[in-house]
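Trainee: fold the following and give me the result.
(2 chains)
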Amino acid sequence: SQKIEQNSEALNIQEGKTATLTCNYTNYSPAYLQWYRQDPGRGPVFLLLIRENEKEKRKERLKVTFDTTLKQSLFHITASQPADSATYLCALDKGGFQKLVFGTGTRLLVSP
Amino acid sequence: DTEVTQTPKHLVMGMTNKKSLKCEQHMGHRAMYWYKQKAKKPPELMFVYSYEKLSINESVPSRFSPECPNSSLLNLHLHALQPEDSALYLCASSRRGSEGGDTQYFGPGTRLTVL
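Mentor: As a prediction, the model looks like this:
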């Protein structure tokens, strides 16, 4: 069966450190992988998109890697801040039609 | 305007009621979506409209009825819901209607409680 799994436990880190979140998938062949941030009671907000033929993508303090052999994406936030505390969702897109399937999400807590 | 708006923010309804959720975007996006999200779970796709036509129905029970009156508006009509339908209902839109690799813009959601 198809699965998209992220760190099930909350990730607690100290301000200024780098947070690394994992997204693993099975039985999918995504053409694109996206990362979203969701705050409690709000809708997800798009952060980054990476294509299957790209290894890495960066945007300010954010970096995403995509390894289609390992079936894994890593999401990094450098110099983390308490304002980065939120749930982060990866989402797979098979391409051809816009249908996103979301991972289970990881809650990130950044302490001052 | 890069916003997706949803009304109402909160809705409490009985199992015999009929109500509607409304979603609006003025970004000229050609695809619109309804998602259901239960607490501590990821959003689950319910319906997709592409160029105002229903293109995906993820086997959603008929007590949920979507409608897309025009390219900016999306409604979700609710009738005879069950308590387990209580959830956050999210609307989203994306620029293109028929390709992958497009980002989705989400509204703030409607928190629905069914008594």
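
Trainee: report the buried residues of stretch B:87-96.
Mentor: B:A87, B:L88, B:Y89, B:L90, B:C91, B:A92, B:S93, B:S94 (16 or more other CB atoms under 10 Å in any protein chain shown). All C-beta atoms are positioned from the backbone trio N, CA, C, and that covers glycine.

Trainee: so which of the residues you listed reach chain A?
Mentor: B:L88, B:L90, B:A92, B:S94 (CB under 8 Å from any CB of the partner chain).

Trainee: which bits of chain B sit near chain A?
Mentor: B:4, B:31, B:41-45, B:48, B:50, B:55-56, B:88, B:90, B:92, B:94, B:96-109, B:111.

Trainee: these, buried ones only, as a ChimeraX selection?
Mentor: This is the ChimeraX syntax for the buried subset of those, where burial follows 16+ other CB under 10 Å:
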select /B:4,31,42,43,44,45,48,50,55,56,88,90,92,94,97,100,101,102,103,104,105,106,107,108,109,111
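
Trainee: picking up where we left off before, turn the ones next to chain A among the buried residues of stretch B:87-96 into CSV, including secondary structure.
Mentor: Putting those into CSV (DSSP: H, G, I helix; E, B strand; the rest coil) gives the following:
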residue, secondary structure
B:L88, strand
B:L90, strand
B:A92, strand
B:S94, strand
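
Trainee: just these: which has the poorest pLDDT?
Mentor: For these, the weakest pLDDT value sits at B:S94, with 92.

Trainee: what residues are bridge-paired with that residue?
Mentor: Counting by DSSP bridges, B:S94 forms beta bridges with B:A31.

Trainee: now the strands for chain B?
Mentor: Taking DSSP state E as the criterion, chain B carries its strands at B:4-7, B:10-13, B:18-25, B:31-37, B:44-50, B:53-57, B:64-70, B:73-79, B:87-94, B:105-106, B:110-114.
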